[in-house]
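Colleague: coords please:
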Amino acid sequence: MSTPLAPALPVASGALRPVSLTDVRIAAEGFWGRIQRLNRDAILPHCDHALERVGWIGNFRAAANGTLATERVGRLFTDSEIYKTMEAMAWESAREPSPALLDRLDELTGLLAAAQLPDGYLNTYYGYEGGPERYTDFEWGHELYCDGHLLQAAVAVVRAGGPAPFLGIARRLADHVCEEFGEHGRQTLCGHPEIETALVELYRATGEASYLEQARLFVERRGHRILDDTMYKGRDYYQDNVPVREAEVLVGHSVRALYLAAGAIDVAVETGDEELLGAVQAQYDRTLQRRTYLTGGMGSNHHGETYGDDFELPSERAYAETCAAVASVHVAWRLLLATGEERYADVIERTLYNSVISSPSVDGRSFFYVNALQRRSPGIDPEPGVPSLRRTDGRRADWFTTSCCPTNLARTFASLSAYLVTTDDSGVQLHQYAAGTVDVAFGAGRRARLEVETEYPTDGVVAIRVIDTDDDEWALTVRVPAWARDARVVVDDAERTATPGAIPITRRWRAGDVVTLHLDVAPRWVHPDPRIDGVRGSVAVERGPLVYALESLDPTLLDLDRIVVDTSIAPRDAATPIPGMPGVTAVTVRGAVIDLAAEASPYDDAPVAATAVAAELALLPYYLWANRGPSTMRVWLPRADVAATVGAVARGAGS
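Modeller: Alright, predicted model coming up:
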C-alpha cells in the first residue's frame, strides 16, 4: 500500500504544511478514537448497506446494462453519495488496513468503469436513451457536483493505495470536463460548487496543470449572472450574483457557498493569487462574526438551506445542515494552512465537537440532517425503511432521499487524523487534541515522534511526550483555545501562563521531555451578541469546547418553555451523571420553573399571574441530545434572578 497523503496537500505559498494521514494515529480509547471506531463499525457500513438497499448503487449496474430508462431510482444527485462513501472507504483502509474495504472499492470501481461512456462522461441520471439530456440544467442538474465528488474519491483512493483503475476513471472524466468547459468550451458553471476544489486536489495528485486551470476558470466565472434567476434569493442562491473577488460575505445555499470558498482558496494558494485569498478570507471571517451559530453551524433559513442576513440566527428555526458544518471545517482548514492563523483551528474545534458530531446517533445508524439549537416538539418516529425527505424535528432518520450528510460524516471521520497536526520549517504544530501518536517529518529531512495523552475534552490536561527526535533545536507549538481564560504550560517543571493562540516552545528536545498543557474546562456562561434577536436575554453554557443543552428528559418531561436560569451563580459539574449517559459529564445550573395560570390570550396589559419553583437543572453536551427517546431541547436559556423571579411571580399569583 502506498503512503496516503493528507486531504489537502502542502503548497509552496502556504504558511503551514499538512501531514500524511498515517503520520497521526488517534488512540482507540480516546474521544475521537471512539468516534472513528463508530464510523468504521457502524456509520460507514450503514452508508454502504443503505446505498444498496435504496438502489443507488444499482443505478450503476443499470447504466452498464443499458436499463436506466426503466430501473433508475433516486434523485438526480445520488451518484455523489457512492463517491463520498468510496472516499470514506479509502481513508479508512489507509487509517487501519482492511482487505474487505479494498475489495469493496475494487467492486465499486468496476461498476463505475462499466458505466463510464467513451468520452469520459459518467452520470446515471443524464445522457441515456429515454432520460434527460446531459448539460441541460446547470442551475439544478448537479452533474459537475457529482463529478467533483468522484474526483475527490479518486484522489483519496490513489493516496491510500486503493484500486489503481479508479484514477484512470477520474482522469478521463476530468479531461472530459476540461474539454467541455475549458476556455473554448461551454462558458458556464454548475449551480452547486464542488468541482472547483476537486479539480485542484486532482491537480495536486497528478501534476496535470489543465485541472488547476479549469478550476480557476470556474471560480472566475462565478458571480457573472450566468445561471438563471430561478428561486431561493435569486442568483445569490448559487453564489452567481457577485464575482468571488467582490463579495463581502457568504450568501445563498450554505453548503454551496462553503464549497466554493474552499475551491477558491485552493486556486488562490496554488496560483499565488493573494487578492483572491484575501477576498475569500474576509468573506469567511464576516460570516463567522455575523452568520454562524454558537455550535459552529451555518445556514439559518429552511427555505433554500440558505444563510440569513447578519445576526439572523434563530435557534428553533436554525437549519445548520450537517454538510455545511463539514464544509466549514474544510474552509477553516485551508485558511489555517494558508495563513497560519490559529483562530481557524478554534473554528474547526467548535464545529467538530458540536455541529458535526451532533448529527449521528450514539449507535451510528441514524442522523440529523438539520442541527437546530432548540426543539419545541419531539417529533414523530420515522417510517422504518423509508428514506426521509429531510427531518427537521427532534428525531434522527436512518436515511434520507438526499443523504449527503451521512456519507459526508463517514469521509470526515475516516480522514480526521489529517486535520490535527501541521509542520513548517521550524517544527511541529498541534492544533487539535486527541490521545495518540505523531510521527512527522519537517524542515530539511528532520523528524519528530510524539505521544499525546489526554482525556480531552472531558479533562483539560494535555501531555505531549517527545519519543524521538534529533539533537537540533526546533519548535513544538501548542494551541490555547480562544475559550480558555486560565491556561498554563509546563515544561520540565517550569510553568508559565498562556493566553489564547499559538504557543511555540523552541528548544533542543530530548526523548522523555514532556510539555503539559493545562486548560480550565470548568463550565461557563456564554452571552450572545445583543443584535441576535432570537436569543436576546438568554445565555448558554459551555464546558471546554463543548456546547451544552437542556433536554426535557432532565428532569423527566420538563416543559422547556417555562424555565429561567440565574447567571449570578456559575454553572458547575454535576455530582452524578445524567441518566442513560454513563461517563458523560453533566452540568447543573440554578434555575426556576414557571407555572403560568391559564389565560385566554398570550398578551395582556398586566403581568400574567404565575407561580415559580426554584430548581436545579441538569444539562448534557449538545451533541448527545435526542439519544434517549423523544424529547425537546434548547441551548439558549432565558436568564433571570431566580430569587426575585420566584418572589415576583408568587406575588402576581396572589394579587
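
Colleague: So in this protein, which strand runs the longest?
Modeller: Counting residues, the longest strand in the chain under DSSP state E turns out to be strand 610-621.

Colleague: mind listing what's buried in that one?
Modeller: 610, 611, 612, 615, 617, 618, 619, 620, 621 (16 or more other CB atoms under 10 Å). Backbone N, C-alpha and C define where each C-beta goes, glycine included.

Colleague: For the stretch 501-650 of the chain, which segments are assigned as strands?
Modeller: Along the stretch 501-650 of the chain, counting by DSSP state E, counting those that start in this stretch, strands occupy 501-508, 514-519, 524-526, 538-543, 546-551, 563-565, 572-573, 587-596, 610-621, 633-634, 637-638.

Colleague: picking up where we left off before, return the item of the buried residues of strand 610-621 having minimum pLDDT.
Modeller: For these, the model is least confident at residue 610; its pLDDT is 77.

Colleague: which intervals of the chain have sub-threshold pLDDT?
Modeller: 1-13, 390, 597-600, 643-644, 647-655 (pLDDT under 70).

Colleague: From the centroid of it, which residue is nearest?
Modeller: residue 326 (2.3 Å; CA atoms, centre = their mean).

Colleague: Contact partners for it?
Modeller: Neighbouring residues of residue 326 by CB atoms under 8 Å, 6 or more residues apart in numbering: 356, 408, 409, 412.

Colleague: The same query, at a cut-off of 10 Å, please.
Modeller: Contacts of residue 326 were listed using CB atoms under 10 Å, 6 or more residues apart in numbering, and they are 255, 258-259, 351-352, 355-356, 359, 404-405, 408-409, 411-412.

Colleague: So for residue 38, which of the strands of the stretch 501-650 of the chain sits nearest?
Modeller: For residue 38, the closest of those is strand 610-621, at 15.5 Å, according to CB to CB.

Colleague: I'd like the C-alpha coordinates of that closest one written as CSV, please.
Modeller: The C-alpha trace of strand 610-621 is given here as CSV (Å, rounded to 0.1, in the frame of the first residue of the first chain):
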residue,chain,number,x,y,z
ALA,A,610,-48.0,32.7,37.7
THR,A,611,-46.1,30.7,40.3
ALA,A,612,-42.5,29.6,40.1
VAL,A,613,-40.4,26.9,41.8
ALA,A,614,-36.6,27.1,42.1
ALA,A,615,-34.9,24.1,40.5
GLU,A,616,-31.5,22.6,39.7
LEU,A,617,-31.4,22.0,36.0
ALA,A,618,-29.0,19.4,34.5
LEU,A,619,-27.5,19.9,31.1
LEU,A,620,-25.8,17.5,28.8
PRO,A,621,-23.4,18.1,25.8
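
Colleague: now it and strand 587-596, what's the angle there?
Modeller: Orientation check (axes from the mean of the first three to the mean of the last three CA atoms, to 10 degrees): strand 610-621 against strand 587-596 gives 150 degrees.

Colleague: Residue 310 contacts residue 531, doesn't it?
Modeller: Yes: look at residue 310 against residue 531 with CB atoms under 10 Å: they come within range, at 7.7 Å.

Colleague: Need the residues touching each of the two.
Modeller: Between them, residue 310 and residue 531 share the contacting residues residue 290, judged by CB under 10 Å, 6+ apart.

Colleague: So for the two, which residue has more residues nearby?
Modeller: residue 310 (14 against 11; other CB atoms under 10 Å).

Colleague: Tell me how far the more buried one lies from residue 286.
Modeller: 8 Å (CB to CB, to the nearest Å).

Colleague: which residues do the two both contact?
Modeller: With CB under 10 Å, 6+ apart, residue 310 and residue 286 have common neighbours residue 249.

Colleague: just so I have it, where are all the helices in the stretch 201-350 of the chain?
Modeller: Ranges of helices in the stretch 201-350 of the chain, per DSSP state H, counting those that start in this stretch, are 209-221, 254-271, 274-290, 322-339, 343-351.

Colleague: dump the residue contacts of the closest residue to residue 580 other than its chain neighbours.
Modeller: Nearest non-adjacent residue to residue 580, counting by CB to CB, 6 or more residues apart in numbering: residue 628, 4.4 Å away. Counting by CB under 10 Å, 6+ apart, residue 628 makes contact with 362, 551, 553, 554, 578, 579, 580, 581, 620.

Colleague: Which strand or helix spans residue 488?
Modeller: strand 487-491 (DSSP states H and E).

Colleague: so what secondary structure elements neighbour that strand?
Modeller: With contacts defined as 3 or more CB pairs under 10 Å, 6 or more residues apart in numbering; DSSP states H and E, the packing partners of strand 487-491 are strand 461-469, strand 473-480, strand 494-498, strand 501-508, strand 514-519.

Colleague: starting at the chain centroid, how far to that strand?
Modeller: Put simply, strand 487-491 sits 30 Å off its chain's centre (CA atoms, centre = their mean, to the nearest Å).

Colleague: Equivalent analysis for stretch 426-434, please.
Modeller: The answer for stretch 426-434 is 20 Å, by CA atoms, centre = their mean.

Colleague: CA atoms of that stretch as CSV?
Modeller: Backbone C-alpha positions of stretch 426-434 (Å, rounded to 0.1, in the frame of the first residue of the first chain) are rendered in CSV as follows:
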residue,chain,number,x,y,z
SER,A,426,10.7,25.5,12.2
GLY,A,427,8.9,22.5,13.7
VAL,A,428,5.5,20.8,14.6
GLN,A,429,2.2,22.4,15.4
LEU,A,430,-0.6,20.6,17.4
HIS,A,431,-3.9,22.2,16.6
GLN,A,432,-6.5,19.7,17.9
TYR,A,433,-6.0,17.4,20.9
ALA,A,434,-6.6,13.7,20.7
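
Colleague: how about that stretch: buried residues?
Modeller: Buried residues in stretch 426-434 (16+ other CB under 10 Å): 427, 428, 429, 430, 431, 432, 433, 434.

Colleague: same check, this time on stretch 62-74
Modeller: 62, 63, 64, 68, 72, 74.

Colleague: Report the inter-axis angle for the longest strand of the chain versus strand 546-551.
Modeller: Going by the same axes, to 10 degrees, strand 610-621 makes 140 degrees with strand 546-551.

Colleague: Please report how far residue 113 lies from residue 154.
Modeller: The spacing between residue 113 and residue 154, counted by CB to CB, is 12 Å.
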